[in-house]
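Q: quick one, what's the 3D model for this:
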Amino acid sequence: MKSGKQKASAERVVKDIRRKTRRQHSAEEKIRIVLKGFVMKTALPNCATEKE
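A: Numbering: from 1, shown residues only. Next comes the predicted model:
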C-alpha cells in the first residue's frame, strides 16, 4: 500500500510532466478556439429547435 507521501509525490511528478508538455497556443489559435466554441454553442440550440 502506498503511503500518502508517495502518492502526493507521484501526483506532483504527473502534474510537472503535464505542465512541461502542455501545448502553447498562439494568440490567433486562442481566438480560433473561442470562436469555434461560440459557433458550436449557438448552432446546437438552433438544431434542436429546427427538428420540432
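
Q: give me the residues contacting the lengthiest helix in the chain.
A: Using DSSP state H, we find that the single longest helix of the chain is helix 27-50. Helix 27-50 has contacts (CB atoms under 8 Å, 6 or more residues apart in numbering) with His25. (Each C-beta comes from the backbone N, C-alpha and C, glycine too.)

Q: figure out how far it is from the centre of its chain.
A: Between the centre of helix 27-50 and the centre of its host chain there is 15 Å, according to CA atoms, centre = their mean, to the nearest Å.

Q: repeat for stretch 18-26
A: 11 Å.

Q: end-to-end on it?
A: For stretch 18-26, the first-to-last residue distance is 19 Å (CA to CA, to the nearest Å).

Q: what's that stretch in contact with?
A: For stretch 18-26, the external contacting residues (CB under 8 Å, 6+ apart) are Ile33.

Q: rounded mean pLDDT for stretch 9-19, please.
A: On average, the pLDDT along stretch 9-19 is 93.

Q: can you start the count at 11 instead of 1 from here on
A: All set: I'll call the first residue 11, so the last point we hit is now stretch 19-29.

Q: buried residues in it, which are they?
A: For stretch 19-29, a neighbour-count test (16 or more other CB atoms under 10 Å) marks nothing as buried.

Q: distance of Arg42 from Met50?
A: Distance, Arg42 to Met50, by CB to CB, to the nearest Å: 13 Å.

Q: what about the two, which has more around it?
A: Shown here are Arg42 and Met50; by other CB atoms under 10 Å, Arg42 has more neighbours (12 against 9).

Q: need the pLDDT of the more buried one.
A: The model's pLDDT for Arg42 equals 95.

Q: could you do Lys51 as well?
A: On the pLDDT scale, Lys51 gets 81.

Q: ok, it - how many residues close by?
A: Lys51: 9 neighbours (other CB under 10 Å).

Q: with just CA atoms, put the longest helix of the chain into CSV.
A: Output of helix 37-60 as CSV, limited to C-alpha atoms (Å, rounded to 0.1, in the frame of the first residue of the first chain):
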residue,chain,number,x,y,z
ALA,A,37,-3.0,34.4,-29.9
GLU,A,38,-4.6,33.6,-33.2
GLU,A,39,-5.1,29.9,-32.2
LYS,A,40,-6.8,31.0,-28.9
ILE,A,41,-9.2,33.3,-30.8
ARG,A,42,-9.9,30.4,-33.3
ILE,A,43,-10.7,28.1,-30.4
VAL,A,44,-13.0,30.5,-28.7
LEU,A,45,-14.9,31.3,-31.9
LYS,A,46,-15.2,27.6,-32.7
GLY,A,47,-16.8,27.1,-29.3
PHE,A,48,-19.1,30.0,-29.7
VAL,A,49,-20.3,28.8,-33.1
MET,A,50,-20.9,25.3,-31.7
LYS,A,51,-22.8,26.8,-28.7
THR,A,52,-25.1,28.8,-31.0
ALA,A,53,-25.5,26.1,-33.6
LEU,A,54,-26.7,23.4,-31.1
PRO,A,55,-29.8,25.2,-29.9
ASN,A,56,-30.7,26.0,-33.5
CYS,A,57,-30.5,22.4,-34.5
ALA,A,58,-32.8,21.4,-31.6
THR,A,59,-35.5,23.9,-32.5
GLU,A,60,-35.4,23.1,-36.2
